[in-house]
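[1] Sequence and computational prediction follow.
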Amino acid sequence: MIIQRLAPPDAAAGYHGAPMTELAIDIEGLAFAWSEGRPVLDVPHFAMRPGESVFLRGPSGSGKSTLLGIVSGVLAPGRGRIGVLGTDLGTLSGARRDAYRAAHIGLVFQMFNLLPYLSVLDNVLLPARFSTARRARARPDPVSESRRLLGELGIADSAITGRPVTELSIGQQQRVAVARALLGRPELVIADEPTSALDSDTRDAFLRLLMSECAAAGAALLFVSHDTALGALFDRRLSIAEINRAEPHRELP
Amino acid sequence: MTPLVALAAQSLWNRRGSAALTVFAIAVSVTLLVGVETIRGGTRESFARTISGTDLIVGARSGPINLLLYSVFRVGDATANVSWQSYELVSRHPDVAWTIPISLGDSHRGYRVMGTSGEYFLHYRYGDRQALAFSAGEPFKDAGDAVVGADVARELGYAAGDEITLAHGIGAGSFTGHDEYPFRIAGILAPTGTPVDRTVHVGLDALAEIHEDWQGGARTQVDSSRHPHDGDAPEDAGADTATQPSPAGITAFLVGMRSKDAVLQMQRALNEFRGEPLTAIIPGVALQQLWQIVGVADGALLVIASFVVLAGLIGMLTAILASLRERRREMAILRSVGARPLHVFTLMLLEAALLALAGVLVGVVTAHAILAGAAPVLAGRYGLFMATDGPRVYDLLLAGAVVGAALVTGLVPAWLAYRNSLADGLTIRT
């Protein structure tokens, strides 16, 4: 009954009866404004099932960065229930939200995901440094698991892992970022335009890799992009306008 | 905490060029601070070491510091002499172990000449009650002998056996000489790091002899038109009283008592002496009074060194602040993998701490290396004996203070980064 109420009408198509567990994302009545009187987000409801992959399309200024900030626990929600894996982020303090993100969410950005002063391996190991839960779930141990993930993503070559990350191609950098996002099996992976810096050849390969790795790890994937051509591979495709009733306007500079 | 230390270190290593400059700036300032502090300690110690073992210094009635200055430091002049009778009286007192007469007034090429007796080489002590030692020769035996201090011998290149003549009055420009009374250098003293090194010692009787035909500061047999300034030259005003023939008077004398209990009693007795107005001082007390005056300049050095450290820390602040803008992305990445704003704050603070620690370490080591290298020169030339056996507890306190100040300074960029990372979140704007 609850599922029926929360699941958007077009969600059923990509939904193949996954086991009944906590929803990956469960937003109810979310409102958020950077300044008084100009709401950026007004989301009556939005939900993602565990392991589901959702393609969220929207131009800049549509509030998607703000939405991702709230779902990943960086921004405090203004109003409403922000359920992530069964926990209402609105009830957590900033520090608890940070800890929650560290434990349960992997993030991949558009570009420049990596710390230039760390090796490829150390970059992948970062979540394990900040979260005991991620460290514990990275079996048999974080370093072996990092190497395994890098291997799956085609960066096993020690000639690459030993190089400074700044010498990697952007495609390689993005794959390292995916390995990092998946280390320690987070239940939710959020990718914010991770392919926009890639050329079309590497883009498709990267996308397939991202999706298969998320599927293998059992992670739900929320993928944000303005490129509608990418949507075909996802369980579900949404436009931000479909879930956000707030007027689109320019983002803060 | 530990992963953050590693992260801060790796981040710094990534910017090692500018980080090295910051460390260098802090190191230079710490080197100066440690150097100044060590030399300050050395000066204070050397100062207190100038004279020891002497219970009383007695001179004509004057201020205690003035008496100390001319009798021990060879600075300034006595206003009057002490009569030989008074000296004899004190030296024969049953409580008195020894006395050393001092007669000042002549000079040799800018170095003070001190007339004294053989007792001087027996009883004079400096530092930790160290006796005078000879690096060459021996004490003077007859009226024609002189013993020169280590500096005099080194600067003027004298060896035992050389002949020197004295000049009447003080200063290298003293024209009236005692050329007809040459002295033979009988001995050269080992360095003491005290004004003894810069003194030419001759026998009291020899001084009396060469001044026998002098009256009122000028040679009586010589046409005074050859020395137009003799009679009224200000530097001679003190000198002429000081260089009367020895039986008539001496400038001052040092007293060693048989028992320390008698010192205060003897001091009071001398200060109240009816025969002539005298001043008796206890060297340690007078040294302390003098140090209170000299120590002001000494404290100023510390203030200056502290400001240099402050400048070094401001350099660090500038470097870290300049890096903040380009590192907002770094902070956003860290936040995305679970770092809290507090982690970002700590990271920036650790960075300041690491820079300061490295700077302090390099600075202390450099300072001590320099001091160890310069120690022989400082000891031999300036009489500064310093603890050069490596860093001491005091250096650790200094180092701690600098790191503490760096942490306080580091609060500024840490707070800014904290605020940035709260505001930026995961949004990377550069």
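    Ah, there it is.
[2] which stretches of the stretch 101-250 of chain A have low pLDDT?
    Regions of the stretch 101-250 of chain A meeting the criterion pLDDT under 70 cover residues A:248-250.
[3] Just give the number of residues close to residue 78.
    Here I'm looking at chain A. Counted with other C-beta atoms under 10 Å in any protein chain shown, residues neighbouring A:G78 total 16. Where C-beta positions appear, they are placed from N, C-alpha and C, glycine not excepted.
[4] Can you look at chain B instead?
    25.
[5] Equivalent analysis for A:S158, please.
    12.
[6] next one: B:L301
    Using other C-beta under 10 Å, B:L301 has 17 other residues around it.
[7] Find the closest residue to chain A in the stretch 101-250 of chain B.
    In the stretch 101-250 of chain B, the residue found nearest to chain A is B:G193; the distance is 52.1 Å by C-beta to the nearest C-beta.
[8] near chain A, which residues of the stretch 201-350 of chain B show up?
    When proximity is defined as C-beta under 8 Å from any C-beta of the partner chain, the stretch 201-350 of chain B approaches chain A at B:329-330, B:333-343.
[9] Which of those fall in helices?
    Counting by DSSP state H, these place B:329-330, B:333-336, B:341-343 in helices.
[10] ok, now how distant is the residue of the stretch 151-253 of chain A found nearest chain B from A:F130?
    Each residue of the stretch 151-253 of chain A has a distance to chain B, by C-beta to the nearest C-beta, and the smallest belongs to A:R180, at 6.9 Å. To A:F130, A:R180 is 11 Å away according to C-beta to C-beta, to the nearest Å.
[11] cool, B:V303 as well?
    Here the criterion is C-beta to C-beta. By it, B:V303 lies 45 Å from A:F130.
[12] Compare these two and say which is more crowded by neighbours.
    A side-by-side neighbour count of B:V303 and A:F130, using other C-beta under 10 Å, places A:F130 first with 22 against 9.
[13] OK, contacts around that one?
    A:102, B:3, B:337-339, B:343 (C-beta atoms under 8 Å, 6 or more residues apart in numbering or on different chains).
[14] try 7 Å
    For A:F130, the set of contacting residues under the criterion of C-beta atoms under 7 Å, 6 or more residues apart in numbering or on different chains consists of A:102, B:337-339.
[15] ok, these vs B:L56, which is closest?
    Closest to B:L56 out of the contacts of A:F130 is B:A339 (72.2 Å), distances taken as C-beta to C-beta.
[16] Grab the nearest non-local neighbour of that closest one.
    A:F130 (5.6 Å; C-beta to C-beta, 6 or more residues apart in numbering or on different chains).
[17] Secondary structure element holding B:R184?
    When elements are assigned from DSSP states H and E, B:R184 belongs to strand B:183-189.
[18] Can you give me the buried ones in stretch B:254-273?
    The neighbour-count criterion (16 or more other C-beta atoms under 10 Å in any protein chain shown) identifies B:254-257, B:262-263, B:266-267, B:270, B:273 as the buried residues of stretch B:254-273.
[19] and the two most separated of those residues?
    Within those, B:G256 and B:F273 form the most distant pair, 18.4 Å apart (C-beta to C-beta).
[20] Break down the chain into its helices, ranges please.
    No chain specified, so I'll use chain A. Counting by DSSP H, residue ranges of the helices within chain A are A:2-6, A:64-71, A:94-104, A:120-130, A:132-137, A:142-152, A:158-161, A:170-182, A:200-217, A:240-243.
[21] Switch to chain B, please.
    B:2-14, B:16-49, B:64-72, B:84-91, B:119-123, B:150-156, B:204-210, B:234-242, B:261-271, B:283-326, B:328-336, B:341-382, B:393-424.
[22] Of the ones you listed, which stretch is the most buried?
    Mean neighbours per residue, mean count of other C-beta atoms under 10 Å in any protein chain shown, is largest over the helices of chain B for helix B:328-336, with a mean of 24.
[23] and A:A13, what pLDDT?
    A:A13 is assigned a pLDDT of 36 by the prediction.
[24] whoops, B:T243 was the one
    The pLDDT attached to B:T243 in the predicted structure is 42.
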